[in-house]
Structure formats: structure tokens, C-alpha cells
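In: Just the structure for this:
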Amino acid sequence: MQAVDTLHFPMKAGLLLSDRNRADLDWKNGDFTWRYRNKLSLERTFSIHSVHLIPYIAAD
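Out: Predicted coordinates for the structure are as follows:
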């Protein structure tokens with residue numbers, strides 16, 4: 001089971017900063033374990049005629 005929440009922060013120059021927070025919940029052999037995961041990403045959309053490219057950088 002996963003609980004996920006993503007926040008988006010628009011910035012100047014058309015940049016978008018995203019912060020994803022995720023909790024992995026797991027039951028194995030009757031034992032409960034969990035893991036918190038965070039992922040930051042920065043992206044910007046570029047348009048070339050009718051093509052839209054979205055390069056991004058992410059860190060886990």
C-alpha cells in the first residue's frame with residue numbers, strides 16, 4: 001500500500017518545482033514495515049512548433 005502526496009510550486013521563468021512525498025506500507029510474514037520516500041523534481045516546458053518537450057531533473 002502506498003500513500004502519495006505531490007505538491008507543485010510554479011516558479012519564475014516557466015519552471016515548475018514538484019515535491020512528492022510517499023509512504024510505502026508493507027506487511028511481510030506478519031511484520032509491518034514502512035518507508036518514507038521523498039522526490040524533488042524541477043521541470044520546464046519548451047515548445048518547438050507543435051512539439052512540446054518537458055525536460056526535468058529529479059532527486060530521490
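
In: how about Ala58, what does it touch?
Out: Listed by C-beta atoms under 8 Å, 6 or more residues apart in numbering, the contact set of Ala58 reads 39-42. To be clear about C-beta, it is placed using only N, CA and C from the backbone, and glycine gets the same treatment.

In: so which strand or helix has it?
Out: Assigned by DSSP states H and E, Ala58 belongs to strand 56-59.

In: What pairs with that strand, parallel or antiparallel?
Out: strand 31-44 (antiparallel) (DSSP bridges).

In: Read off the pLDDT value for Trp27.
Out: For Trp27, the pLDDT comes out at 89.

In: hang on, it is in a strand, isn't it?
Out: Yes - Trp27 sits within a strand when classified using DSSP: H, G, I helix; E, B strand; the rest coil.

In: which non-adjacent residue is nearest it?
Out: Sequence neighbours aside, Thr33 is the residue nearest to Trp27 in space, at 7.8 Å (criterion: C-beta to C-beta, 6 or more residues apart in numbering).

In: just Ala23 next, same as before
Out: Ala3 (4.6 Å).

In: tell me which residues form a beta bridge with the residue nearest the centre of the chain?
Out: Nearest residue to the geometric centre of the chain (C-alpha atoms, centre = their mean): Arg20, 4.0 Å. Using DSSP bridges, the bridge partners assigned to Arg20 are Thr6, Lys39.

In: what's across from the residue nearest to Trp27 in the sheet?
Out: In this entry, Thr33 is beta-bridged to Asp26, by DSSP bridges.

In: need the contact list for it.
Out: 25-27.

In: Pipe the residues you listed into TSV and attach neighbour count and distance to His8 per row.
Out: Formatted as TSV, those follow (neighbours: other C-beta atoms under 10 Å; distance: C-beta to C-beta, whole Å):
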residue	neighbour count	distance to His8
Leu25	11	24
Asp26	11	28
Trp27	9	32
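
In: Could you list which residues are in contact with Leu7?
Out: The contact partners of Leu7, taken as C-beta under 8 Å, 6+ apart, are 18-19, 21.
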